[in-house]
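# whatever this is, show me its structure:
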Amino acid sequence: MRQQSSTLSFLIRKLVLIFLLCVNFPAQAQNPDSQISSDGTLRFATVERPPFAMHTGTEPAGFSIDLMREIATEMKLRVEFHPYGSFSEMFEAVQSGAADGAVANISITSAREQILDFSQPIIASGLQVMLHDDNPGSPVFEAIFNLDILFAILAAFGLLALGGLVMWYFERKSQPYFDRPMADAFFPSFWWALNLVVNGGFEERVPQSRPGRVFSVILVISSLFIVSVFVAKITAAITLGAITEEINSLSDIEEHRVATTEGSTASDFLTTREIQHFTTKDYTTLITGFENREFDAIFFDQPMLSWYVRNQPPGKVRLLDRVFHPENYGIALSQNSPLRESVNRALLTIRENGRYDAIYTKWFGVR
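Below you'll find the model as predicted:
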């Protein structure tokens, strides 16, 4: 009997021990320290995305880099950054466990939420269009003083001078006004032709010769068309000069060589709306192509384009006012990451104590 009691007691102790181990295992799995290296360092992946992440010097810099450093400091940890060539490579590093998380200009989307977890939003964003600003002055002023207008004016003067000289040839022996040498008759003949076109008739100095009368009738009739064509030419040149390279809506984008990066939310946005566009592997290639005028416009993240425009000489590039597809950036973590709660608490603390505003002002100016 004692042996049975001892055996039963042993089994009960074993069951209790197994139960305690099962209860304790999830708690250990949710411990943030389980994802941190032994020296207390977080490993975060990133990509080249000025001004969010840049790797031009010995140490990475940027808004997201500085923010993640502050978050790590608040968590009493260190953080090291590992650059990757593309978003897909960066996300793969997070999914495989090669990195604890990722920071850059990472948009929070439903598709990415299926494979990753995200912190609370770190900055509001959207998509915007950047164009070459070839006419920094007044559009109307620039339109009036262009080659098309100059050629039209020269052509008009040439036709008037030619018409006046033909009339001088026919009328030089028929009336005193034209009875002078060709050199002296050039301006009076031009003036007569100009009055004919402007007034639509000849109340004074009616042609006397038969060829002169026939030619003058032809001039009167043709002047109606000449004036109409000339005015239309001027109007068209001014209108086109004022609206050249203007993009004000998504439908306007289709008529231009618009580019963005492959796999980006901007590319998805354009593809969904069946808008043809070019894609580049990364942001650096995108900007280089734009600067080399391989593209007429860039459709990309508003904060990055704003920062780029702010660091360019005046009159080189410009942004359309409208922001498409508002979105938020976040810190990417692996699914069910134990770091998420700690990162969010640290982020809230940084927002409340003013350190977030200091980082924002450093990179984007005062809000």
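
# could you pull out the strands for the stretch 51-200 of the chain?
Residue ranges of the strands in the stretch 51-200 of the chain, as given by DSSP state E, counting those that start in this stretch, are 78-83, 101-102, 116-118, 123-132.

# pick the most buried one from those strands.
The densest packing among these, expressed as mean neighbour count by mean count of other CB atoms under 10 Å, is seen in strand 101-102 with a mean of 28. All C-beta atoms are positioned from the backbone trio N, CA, C, and that covers glycine.

# pLDDT on stretch 273-288, on average?
What stretch 273-288 shows for mean pLDDT is 92.

# what of stretch 122-135?
Regarding stretch 122-135, the rounded mean pLDDT is 87.

# same deal with stretch 76-92?
If you average the pLDDT values across stretch 76-92, you get 94.

# which SS class is residue 326?
Three-state secondary structure (criterion: DSSP: H, G, I helix; E, B strand; the rest coil) places residue 326 in strand.

# give me the neighbour count for it.
Residue 326 has 10 neighbouring residues, counting by other CB atoms under 10 Å.

# which residue is the nearest non-sequential neighbour of it?
residue 126 (4.5 Å; CB to CB, 6 or more residues apart in numbering).

# can you give me the helices for the stretch 251-367 of the chain?
With DSSP state H, counting those that start in this stretch as the criterion, the stretch 251-367 of the chain has helices at 265-272, 283-291, 302-310, 339-353, 355-364.

# go through the shortest one and flag the buried ones.
Of all the residues in helix 265-272, those buried under the rule 16 or more other CB atoms under 10 Å are 265, 266, 267, 269, 270.

# isn't the first one right up against residue 106?
No. Residue 265 lies out of contact with residue 106 (CB atoms under 8 Å); the separation is 9.9 Å.

# Serialize the strands of the stretch 51-200 of the chain to a markdown table and add fields for distance to residue 365.
Putting the strands of the stretch 51-200 of the chain into a markdown table (distance: least, CB to CB, whole Å) gives the following:
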| stretch | distance to residue 365 |
| --- | --- |
| strand 78-83 | 24 |
| strand 101-102 | 26 |
| strand 116-118 | 26 |
| strand 123-132 | 13 |
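
# looking at those strands, which is closest to residue 355?
strand 123-132 (14.3 Å; CB to CB).

# partner strands of that closest one, with direction?
In its sheet, strand 123-132 lies beside strand 297-301 (antiparallel), strand 317-319 (antiparallel), strand 324-329 (antiparallel), with partners assigned from DSSP bridges.

# now do it against helix 302-310, angle only.
40 degrees (axes from the mean of the first three to the mean of the last three CA atoms, to 10 degrees).

# can I get strand 123-132 in CSV, CA atoms only?
What follows is strand 123-132 as a C-alpha-only set of coordinates in CSV (Å, rounded to 0.1, in the frame of the first residue of the first chain):
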residue,chain,number,x,y,z
ILE,A,123,5.3,59.6,-39.4
ALA,A,124,2.4,60.4,-41.7
SER,A,125,3.1,60.3,-45.4
GLY,A,126,1.5,60.0,-48.9
LEU,A,127,2.4,60.0,-52.6
GLN,A,128,3.4,63.1,-54.5
VAL,A,129,4.5,64.1,-58.0
MET,A,130,7.9,65.8,-58.6
LEU,A,131,8.6,67.7,-61.9
HIS,A,132,11.4,69.5,-63.6
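
# can you name the residues in contact with it?
By CB atoms under 8 Å, 6 or more residues apart in numbering, the list of residues contacting strand 123-132 from outside reads 63, 105, 107, 245, 247, 253, 258, 265-266, 269, 290, 293, 296-303, 305-306, 308-309, 316-320, 322-329, 360.

# now do the same end-to-end measure for stretch 312-330.
Start and end residues of stretch 312-330 are separated by 27 Å (CA to CA, to the nearest Å).

# give me the below-cutoff pLDDT ranges for the stretch 1-150 of the chain.
Residue ranges of the stretch 1-150 of the chain with pLDDT under 70: 1-38, 134-149.

# swap the cut-off to 90 and go again
Using pLDDT under 90 as the threshold, the predicted model of the stretch 1-150 of the chain has low-confidence ranges 1-40, 55-59, 85-86, 132-150.

# how is this structure divided into domains?
Taking automatic domain parsing as the criterion, the chain consists of the domains 31-122+330-364, 140-243, 247-326.

# dump these into JSON lines; add distance to residue 131 as well.
As requested, those are arranged in JSON lines below (distance: least, CB to CB, whole Å):
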{"stretch": "domain 31-122+330-364", "distance to residue 131": "19"}
{"stretch": "domain 140-243", "distance to residue 131": "13"}
{"stretch": "domain 247-326", "distance to residue 131": "5"}
